[in-house]
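Engineer: Output the structure for:
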Amino acid sequence: ISKPYNFDELLVTINRALEHKELLVKTTLLSEQVNKKLGTKIIGESIELERVINLANKSAMSDSNILIEGETGTGKELFAEYIHKHSSRSENPFIVINCASLPDSLIESELFGHEKGAFTDAKSIKQGLVEIAHEGTLFLDEIGELSLTLQPKLLRFLENGEYRRIGGVTNLTSNVRVIGATNRNLLEEADNKKFRRDLLFRLNVITLTIPPLRERKGDILLLARHFLEKKSPIRSPKRLSPEAESVLLKYNFLGNVRELEHIIERAIIFAENDFIRPDDLNLPTNIIQKVNPTYLTENESSESVLSMEEMERRHIEHSLIRNEWDRTKTAGQLGISSKTLYTKIKKYEIKR
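Structural biologist: Okay, the predicted model is just below:
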C-alpha cells in the first residue's frame with residue numbers, strides 16, 4: 001500500500017487480504033480433515049478379494065484414472081482410499097464427493113468452486129474440490145449419477161486438468177488423480193445415451209470390479225469378527241455363537257459388507273449375553289430355520305409341512321423359553337399385547 005492512499009482502494013485491498021487469509025485457513029482445515037481417515041486395511045482372505053487387492057496395488061503405482069465398479073456396500077470408497085494411501089500422492093489430500101447427493105448447480109460449485117458474486121449467495125470466493133485436491137486424489141462416488149450437463153465439464157478437466165470457477169473468466173489448472181465409482185453398468189448407460197462414452201473411456205483407463213460379499217463367503221466371518229471387535233463395548237465384548245456363524249454363512253447379503261456391519265451392530269445391541277445367537281441377528285426366519293431348525297422335533301425332518309397354528313404355537317413357545325417366560329417382554333418382541341399372548345398360551349396349552 002503506497003501513501004497517500006485512497007480510502008476506497010484501501011478497503012478493497014483489506015477485503016482481498018481477509019478473503020485470501022480465509023481461503024488459506026479453509027484449505028488447511030479441509031486438508032487436515034480429509035487426511036484424518038480411518039485405517040484403509042481391507043479385511044478378507046478370499047481368492048476373489050486377493051485378486052482385486054493385487055490389481056489395486058498395481059494401479060496405485062500408476063497415475064492413471066480409475067473406475068471402480070461394484071454393488072452398493074462392497075467397499076468402493078475403501079478401495080479408492082487404499083489406492084490413494086499406496087500411491088505417490090499419499091501425503092496429499094484424498095477428497096470425496098458423492099455425485100448423487102447434490103443437484104447440478106451445487107455439484108459444479110463443489111467441484112470447480114465459484115467467484116464472488118457468481119450467484120446470489122456467492123458472497124466470497126470458494127475453492128472447488130479439484131483445487132483443494134491438488135497433487136492428491138479426487139474420488140467421485142456414484143459418478144453414474146452425474147448429469148449430462150456436467151459431464152462435458154468433467155471430461156475437459158480429465159483431458160487437460162483445466163477448469164473454470166463458476167462466474168470466472170480465467171482457466172485454472174490442478175494436478176489431480178481421479179477415481180470414479182459406480183454401481184451401474186456404464187457401458188449400458190452409454191449405449192442408452194445416459195453417460196458420455198468419451199468420458200467413460202477417459203475414466204476407465206483402469207477398471208476394478210469389487211466382488212459382492214455373497215461371492216466371497218470365506219470373508220464373511222472375518223468381517224463379522226472385525227465388526228464385533230470394533231463395535232463391542234470394551235468391558236463386555238460379544239462373540240458369535242456357532243449357530244449365528246452358520247446363519248451368516250447362509251445369508252446372501254444383498255447390501256454386502258455395509259449390511260453385514262449393520263447386522264452386527266444391531267446384534268450387539270440386542271444380545272442379552274456375551275454370545276450372539278441367531279435370533280439376535282434379526283434375519284429372515286427361513287434363513288435361521290435352514291441352519292437351526294429349532295421349531296422341529298427330533299422325529300420331524302426339515303421337509304415336514306406344519307400348519308400355521310402349529311408354527312405359531314412353536315414360535316410363541318420358543319420366544320417364551322428364550323425370554324425365560326417373561327410374558328411382557330415376549331409380547332413386546334412378538335408385537336402383540338400381553339392379553340393376546342396370554343390367550344394364545346391358553347389356546348395352545350403351552351406350559352413351562
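Engineer: For the stretch 101-250 of the chain, just list every one of the helices.
Structural biologist: For the stretch 101-250 of the chain, applying DSSP state H, counting those that start in this stretch gives helices covering 104-112, 129-132, 151-160, 186-191, 197-203, 220-231, 242-250.
Engineer: and the longest one, average pLDDT?
Structural biologist: Yep, that's helix 220-231 we're talking about. For helix 220-231, mean pLDDT is 93.
Engineer: And the fourth one, by the same measure?
Structural biologist: In this model, helix 186-191 has an average pLDDT of 94.
Engineer: Show me which parts of it are buried, residue by residue.
Structural biologist: By 16 or more other CB atoms under 10 Å, the buried positions in helix 186-191 come out as 186, 189-190. Yep, even glycine has a C-beta here, placed from its N, CA and C like the rest.
Engineer: gap between the residue sitting nearest the centre point of the chain and T149?
Structural biologist: In the chain, the centroid-proximal residue (CA atoms, centre = their mean) is G73; its distance is 5.4 Å. Look at G73 and T149: by CB to CB, to the nearest Å, they are 29 Å apart.
Engineer: Same question for S90.
Structural biologist: The gap separating S90 from T149 is 34 Å, by CB to CB.
Engineer: more crowded one of these two?
Structural biologist: S90 (15 against 11; other CB atoms under 10 Å).
Engineer: In contact with the more buried one, which residues are there?
Structural biologist: S90 sits next to H84 when contact means CB atoms under 8 Å, 6 or more residues apart in numbering.
Engineer: Likewise for L222?
Structural biologist: Applying CB under 8 Å, 6+ apart, the residues contacting L222 are 43-45.
Engineer: Most neighbours among these, please name it.
Structural biologist: G44 leads the contacts of L222 on contacts (other CB under 10 Å) with 21 neighbours.
Engineer: Hmm, D219 and that residue touching each other?
Structural biologist: Yes - if you go by CB atoms under 8 Å, G44 and D219 touch, sitting 3.8 Å apart.
Engineer: which residues of the protein score low on pLDDT?
Structural biologist: 1-5, 7, 21-22, 24-40, 118, 120, 285-306 (pLDDT under 70).
Engineer: So it: which segments form each domain?
Structural biologist: The chain breaks down by automatic domain parsing into domains covering 1-36, 39-211, 214-292, 296-352.
Engineer: Quick check: I68 vs I220, distance?
Structural biologist: Distance, I68 to I220, using CB to CB: 21 Å.
Engineer: what about those two, which has more around it?
Structural biologist: Comparing I68 with I220 by other CB under 10 Å, the one with more neighbours is I68, at 29 against 21.
Engineer: Compute the number of surrounding residues for Q151.
Structural biologist: Neighbour tally, Q151, other CB under 10 Å: 17.
Engineer: Now for the nearest residue to it once chain neighbours are set aside: which residues touch it?
Structural biologist: Nearest non-adjacent residue to Q151, counting by CB to CB, 6 or more residues apart in numbering: R196, 4.7 Å away. Contact analysis of R196 by CB under 8 Å, 6+ apart lists 148, 151-152, 155, 190.
Engineer: Using a markdown table, lay out those residues together with distance to H114.
Structural biologist: Converted to a markdown table, those look like this (distance: CB to CB, whole Å):
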| residue | distance to H114 |
| --- | --- |
| L148 | 21 |
| Q151 | 19 |
| P152 | 18 |
| L155 | 20 |
| A190 | 30 |
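Engineer: count of residues packed around the nearest residue to T74 once chain neighbours are set aside?
Structural biologist: Nearest residue to T74, sequence neighbours excluded (CB to CB, 6+ apart): I210, at 4.2 Å. Other residues within reach of I210, judged by other CB under 10 Å, total 25.
Engineer: do the same with S236
Structural biologist: S236: 10 neighbours (other CB under 10 Å).
Engineer: Next one: it relative to E261, how far apart?
Structural biologist: 19 Å.
Engineer: repeat for F119
Structural biologist: 40 Å.
Engineer: which of these two has more neighbours?
Structural biologist: Taking neighbours as other CB under 10 Å, F119 and E261 compare with E261 leading, 18 against 11.
Engineer: from memory that one sits against L228, does it?
Structural biologist: No - counting by CB under 8 Å, E261 sits too far from L228 to count as a contact (10.4 Å).
Engineer: unless I'm mixing things up, L240 is touching I276, no?
Structural biologist: Yes - L240 lies in contact with I276 (CB under 8 Å); the separation is 5.1 Å.
Engineer: Common neighbours of the two, please.
Structural biologist: With CB under 8 Å, 6+ apart as the test, L240 and I276 both reach L228.
Engineer: Between those two, point out the one with more neighbours.
Structural biologist: Of the pair L240 and I276, I276 is the one with more neighbours under other CB under 10 Å, namely 27 against 23.
Engineer: so what's T72 up against?
Structural biologist: 183, 255-256, 258.
Engineer: Can you show me the CA trace of stretch 111-128 as PDB?
Structural biologist: Extracted as PDB, the C-alpha positions of stretch 111-128 are listed here (Å, rounded to 0.1, in the frame of the first residue of the first chain):
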ATOM      1  CA  LEU A 111     -16.200 -29.400  -7.900                       C
ATOM      2  CA  PHE A 112     -14.900 -26.300  -9.500                       C
ATOM      3  CA  GLY A 113     -15.600 -23.500  -7.000                       C
ATOM      4  CA  HIS A 114     -17.100 -20.100  -7.700                       C
ATOM      5  CA  GLU A 115     -16.100 -16.400  -7.800                       C
ATOM      6  CA  LYS A 116     -17.500 -13.800  -5.500                       C
ATOM      7  CA  GLY A 117     -20.900 -12.600  -6.800                       C
ATOM      8  CA  ALA A 118     -21.300 -15.500  -9.300                       C
ATOM      9  CA  PHE A 119     -24.800 -16.000  -7.900                       C
ATOM     10  CA  THR A 120     -27.000 -14.700  -5.100                       C
ATOM     11  CA  ASP A 121     -25.300 -16.400  -2.100                       C
ATOM     12  CA  ALA A 122     -21.800 -16.300  -3.500                       C
ATOM     13  CA  LYS A 123     -20.500 -13.700  -1.000                       C
ATOM     14  CA  SER A 124     -16.900 -14.700  -1.300                       C
ATOM     15  CA  ILE A 125     -14.500 -16.800  -3.500                       C
ATOM     16  CA  LYS A 126     -14.900 -20.500  -2.900                       C
ATOM     17  CA  GLN A 127     -12.300 -23.100  -3.900                       C
ATOM     18  CA  GLY A 128     -13.500 -26.200  -5.700                       C
END
